[in-house]
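[1] Okay, predicted coordinates and the sequence, questions at the end:
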Amino acid sequence: MVGYHSTDFDVHRNWLAITHNLPISKWYVEKTSQWTLDYPPFFAFFEWGLSQFVPSVVKQDGCLDIVEVGQYGLPTIYFQRLTVILSELVLFIALQWIIDTSSSLSMKKRMYVATASLALSPGLLLIDHVHFQYNGMMYGILLLCLNSARLQKYLWCGFWFAVLLCFKHIYLYLAPAVFVFLLRAYCLNLHWGGKKQKKKKQQSLIVNLVHLIQWKNLMKLAVVVISVFTVALVPFYNTLPEMLERLFPFSRGLTHAYWAPNMWALYSFFDRAFIQLYKRVPVSRLILQGIFQFDPVLLGNEDLLRTSTRGIVGDIEFFILPKITPRLTFLLTLFYQVMALIPLFLQPTYRRFVGAITLCGFASFLFGWHVHEKAILLVIFPMTLIVARDQKLLPAYNLLVACGYGSLFPLIFTSNEWLLKVSYTFLWYIIFYFNFRKVVRVPKSTDGSGLVDRMVNGYILLFIAILTVTTINDIFKNKYPILKKFEFLNLMIYSVYCAVGVVSSWNAFSWFYFVEESIWNESA
């Protein structure tokens, strides 16, 4: 059985064709297919490198043809799936490096569980192996960056993150935390409240810029980062405007076609709920019109109401709630990221760094513009590295992975893969739920955290019930046409329920990040 493969499969096939057949100057302007090249230069070079190994039988199958709609068969499918599997060697190398460089036996056990959970991640199985992307390799590079920071190899940390940005620009979401960490830990000479400072109190009133900045370190880091971007961008100096336009398509709507489980999924849900309330409960009309300014005439246009769920291209329509602008999403994201960066600047330890990375990922996922549901992995991967450090983080983590991975289910909507995605994710959750609890040695709760743990488990059990109902609807919708009318209802249930879980996980993790100093005050 070939198995389901998404439009992303043809996207990468088309990129193989573009980079193989055209000169570099044409890569970011070619548009025969709608799946134009819109990743940074290193990924374009990666596709070019893969295209050099395409066997003749795969070429004859149409793998390297620049056409409007790809025409290919099993040879192309097998070849591209093999490239994804081989590319994940980067992830496995990074995970093994984390284990090998762990300082003690107990830490090795914790990291073994954490890295095993990432190596077997349902997100990678559902996205890379089935939905088809190269995320495993990308997260491998991210882990190389994070482990370099743990080992205080700051130049390597900056190098790997620069390389990562030149592969996939979504990691800009995490850039503020990396910038502040490297600046504070490697480039600034600051000491808070030390004895030496008290003896030199008068001198500290006037900060000498020369001594404040470690110029040698700053120059070395700048050379490393600038060199990476120079290698990436110089070959495309003639088409930089076209490249930037491809990388940042702000013409897309607030939400994707399938709402990612974030704040805007909840916002969209409330807008649609208010629409139904307005249409069915006459007394509510005065209240809604008194609170919100909207045109009630539009609510009678059923065709227009249906378009409010779009998001692939164009702006999503809100009929009662105020319109959300890209500027507002940027300001909200920036605000919550800056809040996470303040403790990191004051305490630039590895654990605080990973915590800040996690919160930057949370903020971008929850408040960003046109966020894809797959971006939840930006939160799950770094959080996994520190969850085994303290049992207090486990409820937030369990809630995150259950809702984060569960929200990916609609990406694989064919009946052949239904059993695979559900059974594998459920098995993964059970195995690592108990293994994480084992390595962190969760004590019997005396402070109410046991109640929180039971609430999280109850929420996840209810999610299983919701999954069962929506799955039955999917299975029988072809047999009973009336169920097709509720096709979007399933997606909305997934998005809204998982959004509540992700937001709750964010709140819990934020509380521990800002309040529980004991989790972050030790070096790794």
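    Done, it's in. Residues are numbered from 1 along each chain as shown.

[2] what's the closest non-adjacent residue to Asn189?
    Excluding its sequence neighbours, the residue lying closest to Asn189 (Cβ to Cβ, 6 or more residues apart in numbering) is Gln214, at 5.4 Å. In short, each C-beta sits where N, CA and C put it, glycine included.

[3] Thought Ala185 was touching the one you found, still the case?
    No. If you go by Cβ atoms under 8 Å, Gln214 and Ala185 don't touch, sitting 10.3 Å apart.

[4] More neighbours: those two, which one.
    Neighbours were counted for Gln214 and for Ala185 using other Cβ atoms under 10 Å; Ala185 has more, 20 against 14.

[5] tell me the contacts of the more buried one?
    By Cβ atoms under 8 Å, 6 or more residues apart in numbering, the contact list for Ala185 reads 152, 154, 348, 353.

[6] how much space between the residue nearest to Asn189 and Leu182?
    Distance, Gln214 to Leu182, using Cβ to Cβ, to the nearest Å: 11 Å.

[7] Got the domain ranges for this structure?
    Per the record, the chain has its domains at 7-87, 89-201+327-519, 263-324, by automatic domain parsing.

[8] Now do the end-to-end distance for stretch 235-249.
    22 Å (Cα to Cα, to the nearest Å).

[9] remind me which residues of the chain are low pLDDT?
    Within the chain, the set of residues satisfying pLDDT under 70 comprises 1-5, 191-210, 250-252, 257, 297-316, 413-416, 441-449, 478, 483-487, 522-524.

[10] Spell out for me which residue occupies the centre of it.
    Per Cα atoms, centre = their mean, the C-alpha nearest to the average position across the chain is that of Ala375, at 2.4 Å.

[11] Grab the nearest non-local neighbour of that residue.
    Computed as Cβ to Cβ, 6+ apart, the closest residue to Ala375 that is not its neighbour in sequence is Phe365, at 5.2 Å.

[12] Mind telling me what element the one you found is part of?
    Element membership for Phe365 (DSSP states H and E) is helix 350-367.

[13] Give me the contacts around the helix or strand just after that helix.
    Counting by DSSP H and E, the next helix or strand C-terminal to helix 350-367 is helix 377-387. With contact meaning Cβ under 8 Å, 6+ apart, helix 377-387 is reached by 98, 111, 114, 117-118, 121, 123, 127, 135, 139, 142-143, 146, 170-171, 173-174, 351, 354-355, 357-358, 361-362, 364-365, 393-394, 397, 400-401, 404-405, 436, 440, 509, 519.

[14] rewinding a little: can I get the domains of the chain in CSV with distance to Glu245?
    Listed next are the domains of the chain as CSV, based on distance: least, Cβ to Cβ, whole Å:
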stretch, distance to Glu245
domain 7-87, 9
domain 89-201+327-519, 13
domain 263-324, 14
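
[15] Thr255 is nearest to which of those domains?
    Minimum separation from Thr255 across the domains of the chain (Cβ to Cβ) falls at domain 263-324, 4.3 Å.

[16] end to end, how far does that closest one reach?
    Using Cα to Cα, the end-to-end distance of domain 263-324 comes to 11 Å.

[17] again with stretch 129-138
    Using Cα to Cα, one end of stretch 129-138 lies 14 Å from the other.

[18] Start the count at 543 instead of 1 going forward.
    Will do, 543 is the new start, and the previous item becomes stretch 671-680.

[19] Name the residues that touch it?
    Here stretch 671-680 makes contact (Cβ under 8 Å, 6+ apart) with 545-548, 550-551, 554, 585, 588, 622-623, 625-627, 629-630, 632-633, 665-666, 669-670, 706, 709-710, 713, 916, 919, 953-954, 959, 962-963.

[20] List buried residues within these.
    546-547, 550-551, 554, 585, 588, 622-623, 625-626, 629-630, 632-633, 665-666, 669-670, 706, 709-710, 713, 916, 919, 953-954, 959, 962-963 (16 or more other Cβ atoms under 10 Å).

[21] Give me the subset of the residues you listed lying in helices.
    550-551, 554, 585, 588, 622-623, 625-626, 629, 632-633, 665-666, 706, 709, 919, 962-963 (DSSP state H).

[22] ranking the contacts of Ala727 by neighbours, who comes first?
    The most crowded member of these, judged by other Cβ under 10 Å, is Phe895 (27 neighbours).

[23] if I look at the closest residue to that one other than its chain neighbours, how far off is Val705?
    Once flanking residues are discounted, Phe895 sits nearest to Phe723: 4.6 Å by Cβ to Cβ, 6+ apart. Phe723 is 17 Å from Val705, where distance means Cβ to Cβ.

[24] ok, now which ones touch the residue nearest to the centre of the chain?
    Contacts of Ala917 were listed using Cβ under 8 Å, 6+ apart, and they are 712, 715, 802, 903, 906-907, 910.

[25] Could you check which of Phe723 and Val705 is surrounded by more residues?
    The residue with more neighbours, out of Phe723 and Val705, is Phe723; 26 against 18, by other Cβ under 10 Å.
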